[in-house]
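Chemist: Requesting a structural model of the entry that follows:
(chains A, B, C and D)
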Protein chains: 2
Amino acid sequence: MAYTEIPDIVIGRLPVYLRALSVMAGAGQEITSSHELGEKLGISSAQIRKDFSHFGEFGKQGTGYRISYLQEQLRRILKVDREWPVALIGIGDVGQALIRYGGFRDRGFHIALAFDADPAKIGQPIDTLTIQDVCTLPEQMREQNVLIAMIAAPAKAAQEVADLCVKGGARAILNYAPINLTVPEDVRVQYIDPVTHLQRMTYYLA
Amino acid sequence: MAYTEIPDIVIGRLPVYLRALSVMAGAGQEITSSHELGEKLGISSAQIRKDFSHFGEFGKQGTGYRISYLQEQLRRILKVDREWPVALIGIGDVGQALIRYGGFRDRGFHIALAFDADPAKIGQPIDTLTIQDVCTLPEQMREQNVLIAMIAAPAKAAQEVADLCVKGGARAILNYAPINLTVPEDVRVQYIDPVTHLQRMTYYLA
DNA sequence: TAGATTGTTAATCGATTAACAATC
DNA sequence: TAGATTGTTAATCGATTAACAATC
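Modeler: Purely as a prediction, here's the structure:
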């Protein structure tokens, strides 16, 4: 298959596949099929095979996919076959929960920098880190070659924080603040806002 | 316009529009246009007008949209012109952050029930609630007519918790556990997993 | 071999966009 | 009136699915 632009919607499904494969692998399963995977995720088997076909041939006719191999390939494609350092900004409730969350490392990430704007928090230790002044963010991100930021700052401050991240060379931002960020087009943003997720479901309630 | 099935992808954009409108309203702005809104959100103005047109005519030629009126309409469409009670399961770091989060009420939700499986936590007060035994979840959800659940339990327990929610009549589940849930098809699920969001962006990094 | 499942093609389906009449 | 912007149609674009030859 020749290289063409891969649709972003396909990229978006790969982490979901990877997560399902981890669950299967954790249960000791070694082989799966597009049909089984689709069943589990509510996606058609044809779509799963089509998605994979953008990147190569990972299965075997008549048998299916070896889970460990498929995981390896998806990790390589998504570039999470390494550990990306991430900057966290805003050490409130959400920020602290993120720091204590143990699920980052084995899925390709770790929090390398922690920032806040509150003088009472700056200098405090948190986990193995020290909370730093958000003003120093751009230079620190650049120095340590950190390309990913998680913003858990208040909504009012979030755009300003995003600007600092961009200044620091951020190329990917995960935003927990309930506002839309404006960033240069070469910077990716993902949003986590529980309320928008809930509002998306209430439409269907009686 | 006659009623036809509205695409889910359209429904998914309405909360984003609503959030952007709130920011504008908060800044004292009274009028906006599909062009301005699209600019802010990185969506074409045609798409925004098309999305609205599924539900009615909310604007005025030559002028645009009155923000307060458009908010009202979107809230009505999404059914967040009321306050939905939500059950929260798992009072760990994430659960506590959700309970302390002040952004639910004015956007259509409040946490009405809190559950955990840990005997040390059951019976403890949290905010204005008391942590209850998750075993009692089905009856409590039914009694209090709660249709929405947020699962912040460990991955290992999440499917079991989801089953309890379904048993309690849940019709919408927001799942923070990093696994895919299997539920009846009349139950909606949304996923919040920071790692899948991050993995979706690393693909594009150098 | 018989059965199963892949990878891929072509057809279908659905979503986005361009364009413009209507009209404020 | 002139300028601006809506709501809507038709065209375009892209994603999903059905089907099947290839083959393990």
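Chemist: who in chain A is up against DNA strand C?
Modeler: A:1, A:33-35, A:45-46, A:49-50, A:52-53, A:57-65 (Cβ under 7 Å from any atom of the strand). Yep, even glycine has a C-beta here, placed from its N, CA and C like the rest.
Chemist: Can you flag the buried ones in these?
Modeler: Buried members of the residues of chain A next to DNA strand C, scored by 16 or more other Cβ atoms under 10 Å in any protein chain shown, are A:S34, A:R49, A:F52, A:G59, A:G64, A:Y65.
Chemist: who touches the residue positioned nearest the centre of chain A in this structure?
Modeler: Centroid-nearest residue in chain A, with Cα atoms, centre = their mean: A:L174, separated by 7.3 Å. When contacts are counted by Cβ atoms under 8 Å, 6 or more residues apart in numbering or on different chains, A:L174 touches A:I148, A:A149, A:M150, A:I151, A:V189, A:Q190, A:I192, B:P194, B:H197, B:L198, B:M201.
Chemist: Give the pairing partners of the helix or strand hosting it; include direction for each.
Modeler: Counting by DSSP states H and E, the element that carries A:L174 is strand A:172-175. Under the criterion DSSP bridges, strand A:172-175 sits next to strand A:148-151 (parallel), strand A:188-191 (parallel) in its sheet.
Chemist: Pick out the residue of chain A closest to DNA strand D.
Modeler: Per Cβ to the nearest atom of the strand, A:G62 is where chain A lies closest to DNA strand D, at 2.2 Å.
Chemist: and the longest helix along chain A, anywhere near DNA strand D?
Modeler: If you go by DSSP state H, chain A has its longest helix at helix A:8-26. Yes - judged by Cβ under 7 Å from any atom of the strand, helix A:8-26 and DNA strand D are in contact via A:D8, A:I9, A:V10.
Chemist: Would you mark the buried spots in that helix?
Modeler: A:10-22, A:24.
Chemist: got CSV for the strands paired with strand A:172-175, with mean neighbour count and mean pLDDT too?
Modeler: Output for the strands paired with strand A:172-175, formatted as CSV (neighbours: other Cβ atoms under 10 Å in any protein chain shown; pLDDT from 0 to 100):
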stretch, mean neighbour count, mean pLDDT
strand A:148-151, 28, 99
strand A:188-191, 19, 98
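Chemist: Rebuild these as a markdown table, extending it with distance to A:I99.
Modeler: As requested, these are exported to a markdown table (distance: least, Cβ to Cβ, whole Å):
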| stretch | distance to A:I99 |
| --- | --- |
| strand A:148-151 | 10 |
| strand A:188-191 | 19 |
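Chemist: could you dump those strands to a markdown table with distance to DNA strand D?
Modeler: As requested, the strands paired with strand A:172-175 are exported to a markdown table (distance: least, Cβ to the nearest atom of the strand, whole Å):
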| stretch | distance to DNA strand D |
| --- | --- |
| strand A:148-151 | 24 |
| strand A:188-191 | 16 |
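Chemist: A:Q29: how many residues sit nearby?
Modeler: 12 (other Cβ atoms under 10 Å in any protein chain shown).
Chemist: The residue lying closest to it once chain neighbours are set aside: how many residues sit nearby?
Modeler: Nearest-residue entry for A:Q29: A:I67, 6.1 Å, with adjacent residues in sequence omitted and distances by Cβ to Cβ, 6 or more residues apart in numbering or on different chains. When neighbours are counted by other Cβ under 10 Å, A:I67 registers 19.
Chemist: Tell me how far A:I67 lies from A:L21.
Modeler: 5 Å (Cβ to Cβ, to the nearest Å).
Chemist: re the thing from before, sitting in helices, which of the buried ones among the residues of chain A next to DNA strand C do you find?
Modeler: A:S34, A:R49, A:F52.
Chemist: Now tabulate those residues in JSON lines and tack on pLDDT and distance to chain B.
Modeler: Formatted as JSON lines, those follow (pLDDT from 0 to 100; distance: Cβ to the nearest Cβ, whole Å):
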{"residue": "A:S34", "pLDDT": "98", "distance to chain B": "16"}
{"residue": "A:R49", "pLDDT": "98", "distance to chain B": "19"}
{"residue": "A:F52", "pLDDT": "98", "distance to chain B": "14"}
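Chemist: Thank you, goodbye.
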